[in-house]
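[1] model this:
(2 chains)
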Amino acid sequence: MSHRTLSSSAKRTYWLGRYLERTENTARLVSVHANLLMDLPKRLPFGGWQPMVNITGSRTLFDTLYDRTNENNVSRFLINDIRHPGSLLNSLKWARENARTLRGIIPNQAFEYINELHLFAREHLCEPLSRTRRVAGLADVTEFVQRIEGFMSANLLHDAHWNFLRMGNFIERADMTSRIIDVGTDNLLESAIELAPFADIQWRSVLLSLNAVQSYNISVQEPIQQGAVLEFLFRDPRLPRSFLYSLNSLRNSLHSLPRNEKALRSVNRMRRHLQNTEVHLLTGEALHAFADTCQKQLAEVHDVINRSYFEFKPRRRPQRTSALKR
Amino acid sequence: MDTREALNPTSMTIRWDTYQAESVWDELITKKGRARKGAKNLCRVLAKLSDDELLARKSAAELAIRSMGITFTVYTGEGSGSIDREWPFDIIPRLILKKEWDDIGAGLKQRVSALNRFIDDIYHDQEILEAGVLPREYIEKSREFRSECVGINPPYGVWSHVCGSDLVRDIEGTMYVLEDNLRVPSGVSYMLENREVMKRIFPELFEDYVIHPVDDYPDQLARCLRSLTEVRSPQIAVLTPGIYNSAYFEHAYLANAMAAQLVEGSDLVVGADDYVYMRTIEGLIRVDVIYRRIDDLFLDPEVFNPESKLGVPGLMRAWRAGKVALANAPGCGVADDKVIYTYVPDMIRFYLNEEPILPNVPSYRCVEKDQRDYVLDNLDKLVVKPANESGGYGMLIGPKASKAERREFSRRILANPRNYMAQPMLTLSTAPTLIDVQAEPRHLDLRPFILSGKKIFVTTGGLTRVAMRKGSIVVNSSQGGGSKDTWVVDFE
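    All right, here's what the predicted structure looks like:
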């Protein structure tokens, strides 16, 4: 008699990891972007909030819910609009729901923290959200999530569930890193020649949103400019928010799980693709296309994980009819 | 039974001399206000504690319960459905002498053996009906009889592997069996946790007393479950309806303590080979024994309630084919019926050829005319219970009911006499319970657990539930009931 990891609880842990990471990423993204806009000319199209919607890939939903792209609508959409499945508040709600059903697997305390964070966000990030309240609230959320992750890292059994939690974290993180980089390709700056002087400010903001300015300075020792930033964010194996770091972490987690062949193959394919691309040379459309491919490949890894561990079809199909029905 | 030595009334914060036990049977204090045999030390220790010390122990208990995460779930009936509450616990234990417990334990084993023989008989030759001990129509009209179970042979002829019988003591001090919960009784985890809490807050008492341990229960349960299969190292699963169930805490607790797998219906699948598998990250893993904590009717949507999302399609097929053991077996509720209960003493005589050791509460069957007439004439003195409800639902407490309620019950009884039985209103025994900083008598019952597999095992003691409201006899935790640690003690 030995203890097994049920598909259902592995799946919930994985999604807990994803939703927690997504909560943190969304909070970072919105605060850093708002911060960036203060440094940019005021006559940007849509007040400069257009890319924030594109980054989440929910342009269509946004357009059906709002008629204007402006700061109020976009930040509401991203933070507390419960009609948007990817809003911060919804991510937290689902993190909480998954944590709740994992009682007995994760420490009660972890659930209590997540619950507390959810209550906090509902209270402090509710409408109407003034700019000041938003800034403070998002900073608190980011910090709170980091505390939760620290707690879990220090207190969870580092077993299969832990690995699923980490995989959820890193898939989400890699996805967000590629999306944030992708903003650099958005027509926000490139289309307008008079905005060219601000390009470096934008790359600084990308680093900021990944909390990586200091690491960049230590590691790259060059002024902030596109090529070096891309190289750093995609391929530095020491930066915990780099794309490669996430892929390496995924690989490590998979290594300690059974039935990992397909998922490993998928992750290794991505690593090769990353190694064979001269990311520092990417610009404009090519960069956009590369980021896009990265996101698609991540979606594939997710599918493989899902099919290998959570939703696999039993080899022996149960019979449809019952011998008992008379 | 009584010790002649009066308790010293000076310097006490718990004033045993004003404790009101004259008009009841109290588990610790005699009618004359003296400590019962075995309870003297306990009363003395408690009396030495100042108010502050008592309150400190009480909050230590509350803290322990919070930090151990001992909760129970209450349905709120609102959108969210349920909330978790911390388990209500009284720090004064209830004592039972080992000598008395040995008799009770023997009585419980006898009773559950007969009940299992009865269930097995009902699904096979029905000898007891042939012999006319029990009218056939009782079974035919039973809501808990499952024709799908006819002819099945679970190991050792045991159907109810885990039984929780409710015991009450009346004003004369006689211990009666009030009912047998043969289907999915709960509460055992609280019995175990109560002891843990008690050890934390009153370690000194464990030096004074030889208190029989209760913590072997999970091992005994695992042993019992393992005896139901021939697989050498079987995979055992606890099947729970999920986190919203009021007993989820217990399901998780027991699975954990037995190193068994806690699963929900959707984690399991029945293969074309009729074996039961669970979906794990390693693939499908066979499950050999399922300790199910969901009701029969939700077990298998192919056979019972087709709407059930809690069950496993094909589970009954797997069980019938002997590919998986189910504890408790489906259909065992046929004996968990308050009218059938009235026949348990007859079953003991019929199957075991023995006299019952533990008495039933005297009961009247409404289906028999003379008994029914008596019930209808004396509704104001009786408690009327429906055959198949649990948790105190659908009952009439005659002395407390209005005229209109009694009239309504007369009508119900006449419309469906098979569904009702009646018992005199018992004055349940009491035990000192801490209310603020004073001990006051509160009514209580006792639920021991009986495990039947290859061998039969009875917990030493059980879960004592207390009605925290003065004069109340409702012990359910959902309705303001509390609990106490139950000590079976040796006393020379």
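[2] Just grab the bridge partners of the closest residue to B:Pro359 other than its chain neighbours for me.
    Closest residue in space to B:Pro359, ignoring its immediate chain neighbours: B:Tyr176 at 5.5 Å, by C-beta to C-beta, 6 or more residues apart in numbering or on different chains. Heads up, the C-betas are built off the backbone N, CA and C, glycines and all. Beta bridges link B:Tyr176 to B:Val168, judged by DSSP bridges.
[3] just B:Val289 next, same as before
    B:Ile236, B:Ala325.
[4] Could you report the neighbour count for the residue of the stretch 51-200 of chain A found nearest chain B?
    Closest residue of the stretch 51-200 of chain A to chain B, C-beta to the nearest C-beta: A:Gly104 (4.2 Å). Around A:Gly104 there are 18 other residues, counting by other C-beta atoms under 10 Å in any protein chain shown.
[5] Would you mind giving me the confidence score for it?
    Here the pLDDT value assigned to A:Gly104 is 78.
[6] Ramachandran coordinates for the spatially closest residue to it that is not a sequence neighbour?
    Leaving aside its sequence neighbours, A:Gly104 sits nearest to B:Ala252 (C-beta to C-beta, 6+ apart; 4.2 Å). Per-residue torsions, B:Ala252: phi -70, psi -40 (degrees, to the nearest 10).
[7] any weak-confidence spans in the stretch 101-250 of chain A?
    Filtered on pLDDT under 70, the stretch 101-250 of chain A yields the residue ranges A:183-197.
[8] Around chain B, pick out the residues from it.
    A:101, A:103-104, A:108, A:160, A:164 (C-beta under 8 Å from any C-beta of the partner chain).
[9] Now the two most distant members of those.
    A:Asn108 and A:Ala160 (20.0 Å; C-beta to C-beta).
[10] check contacts around the nearest residue to B:Pro345 once chain neighbours are set aside.
    Nearest residue to B:Pro345, sequence neighbours excluded (C-beta to C-beta, 6+ apart): B:Pro356, at 4.5 Å. For B:Pro356, the contacting residues are B:107, B:110-111, B:344-345, B:348-349, by C-beta atoms under 8 Å, 6 or more residues apart in numbering or on different chains.
[11] Which pLDDT does the model give B:Pro356?
    pLDDT for B:Pro356: 98.
[12] Can you tell me the element it falls in?
    B:Pro356 is part of no helix or strand, with elements assigned from DSSP states H and E.
[13] And it, how far from B:Arg117?
    14 Å (C-beta to C-beta, to the nearest Å).
[14] Validate this expectation: B:Thr433 resides in a helix.
    No. Under DSSP: H, G, I helix; E, B strand; the rest coil, B:Thr433 sits outside any helix and is assigned strand.
[15] can you list the residues of chain B near chain A?
    Counting by C-beta under 8 Å from any C-beta, chain B comes close to chain A at B:69, B:148, B:233-236, B:242-243, B:252, B:255-256, B:259-264, B:266-267, B:269-273, B:277-285, B:302-303, B:313-314, B:316-317, B:320.
[16] Now restrict those residues to buried residues only.
    B:69, B:148, B:234-236, B:243, B:252, B:255, B:260-264, B:267, B:269-271, B:277-281, B:283-285, B:302-303, B:313-314, B:316-317, B:320 (16 or more other C-beta atoms under 10 Å in any protein chain shown).
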